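> Please find the sequence and the predicted model below.
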Amino acid sequence: MTLYAGAKADTDDLPNGDDAYQRMKGLIETLSAYIEHYHGGALEFINFDGERLTIRMSGACRGCDLQKVTLHGWIEGTVRPFFPDVKEVIAVE
């Protein structure tokens, strides 16, 4: 999967088929791997109903002053090109 700004998202490496739940789960796992490697944090996929994505942020992300920026700026901004119908991305404890 290629993640970059300003172009259509490359979804070739996400699970095949129309199962949006599994595709979203795969995307969150990919984002988590990046965050774990480069920032010491992690994302846990909780649920996706087609419009609302729920995740848990852990590791270095917990209590970080930039948690909201990461959630809404980076994670939500990365998810939307793959899933334009997402209306809300929330983090739970």
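Yep, it's here.
> what about Glu51, neighbour count?
Using other CB atoms under 10 Å, Glu51 has 10 neighbouring residues. No exception for glycine: its C-beta is placed from N, CA and C like everyone else's.
> Leaving out the residues flanking it, which one is nearest to it?
The shortest distance from Glu51 to any non-neighbouring residue, by CB to CB, 6 or more residues apart in numbering, is to Lys87 (4.6 Å).
> Show me where this protein has its helices.
In the chain, the helices defined using DSSP state H lie at 20-39, 67-68, 76-82.
> For the ones you listed, give me JSON lines that also has mean pLDDT and distance to Gly50.
Listed next are those as JSON lines, based on pLDDT from 0 to 100; distance: least, CB to CB, whole Å:
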{"stretch": "helix 20-39", "mean pLDDT": "93", "distance to Gly50": "6"}
{"stretch": "helix 67-68", "mean pLDDT": "93", "distance to Gly50": "24"}
{"stretch": "helix 76-82", "mean pLDDT": "94", "distance to Gly50": "12"}
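> Which one of the ones you listed lies nearest to Ile55?
Of all those, helix 20-39 sits nearest to Ile55, with 6.2 Å by CB to CB.
> Could you tell me which residues within the closest one count as buried?
For helix 20-39, burial by neighbour count (16 or more other CB atoms under 10 Å) applies to Ala20, Arg23, Met24, Lys25, Gly26, Leu27, Ile28, Thr30, Leu31, Ser32, Ile35, Glu36.
> Return the distance of the second one relative to Leu53.
By that I understand Arg23. Using CB to CB, to the nearest Å, Arg23 is found at 12 Å from Leu53.
> Need the residues touching each of those two.
Residues touching both Arg23 and Leu53 (CB atoms under 8 Å, 6 or more residues apart in numbering) are Phe83.
> In space, what's closest to the residue most central in space within the chain - neighbours in sequence excluded?
Centroid-nearest residue in the chain: Ile28, 4.1 Å away (criterion: CA atoms, centre = their mean). Nearest non-adjacent residue to Ile28, counting by CB to CB, 6+ apart: Phe45, 4.2 Å away.
> Per-residue pLDDT of the one you found, please?
The predicted structure scores Phe45 at 97 on the pLDDT scale.
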